[in-house]
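Peer 1: Pasting the sequence and the predicted model now:
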Amino acid sequence: MAAAFVAGLAASAGAFAQEAMAQEAPAAGADLDLLERRWHKCVRQAFSGQPAGLPTHAAQKAALAECKTLENSYVSAMLVAQAAEAEARRQGKPSIGARARGWATSLLSYVVDPVTSWIDAWRK
């Protein structure tokens, strides 16, 4: 009886914390890292708030269930980002990763070429 009361109390406290974090969660197009960190934080807090006698598997399921709204917002934002990247690839625009590689390559050419020419001049 007491264990059920404690479990119910922990679940309601976890749901309250989850709602507070979900209200802070930005829209679907927001920073994926922030959404992921918030979801992981919610899961960790919900798992640590589970009753001690609860089996690990049950505690994990309960923690994931408590943070379902944050998980849904994170997954939907990730799907939106993937769809936008796929659309950009379809239209022939380079992805963010490709643009970053291009920028790094051009930056390296400004550094590597002069250094190699200085080394070659020094060797002669």
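Peer 2: Here it is on my side, so go on.

Peer 1: going forward, measure contacts and count neighbours with C-alpha atoms only.
Peer 2: Will do.

Peer 1: Residue 87: what secondary structure?
Peer 2: Applying DSSP: H, G, I helix; E, B strand; the rest coil to residue 87 yields a three-state assignment of helix.

Peer 1: scratch that, residue 52 is what I was asking about
Peer 2: Under three-state DSSP, residue 52 comes out as coil.

Peer 1: For residue 34, see how far away it is.
Peer 2: Here the distance between residue 52 and residue 34 works out to 30 Å (CA to CA, to the nearest Å).

Peer 1: what helices or strands is whatever helix or strand residue 75 lives in leaning on?
Peer 2: Taking DSSP states H and E as the definition, residue 75 sits inside helix 68-90. Applying 3 or more CA pairs under 8 Å, 6 or more residues apart in numbering; DSSP states H and E, we find helix 68-90 packed against helix 2-24, helix 32-48.

Peer 1: Among those, show the one with the smallest mean pLDDT.
Peer 2: Mean pLDDT per stretch puts helix 2-24 lowest among the helices and strands packed on helix 68-90, at a mean of 47.

Peer 1: how about the helix or strand containing residue 103: buried residues?
Peer 2: Assigned by DSSP H and E, residue 103 falls within helix 96-123. Neighbour counts over helix 96-123 (16 or more other CA atoms under 10 Å) mark no residue as buried.

Peer 1: try stretch 45-62
Peer 2: By 16+ other CA under 10 Å, the buried positions in stretch 45-62 come out as 45, 46, 47, 49, 50, 51, 59, 60, 62.

Peer 1: Find the pair from those residues with maximum spatial separation.
Peer 2: The distance between the two most remote of those (CA to CA) is 12.4 Å, for 45 and 51.
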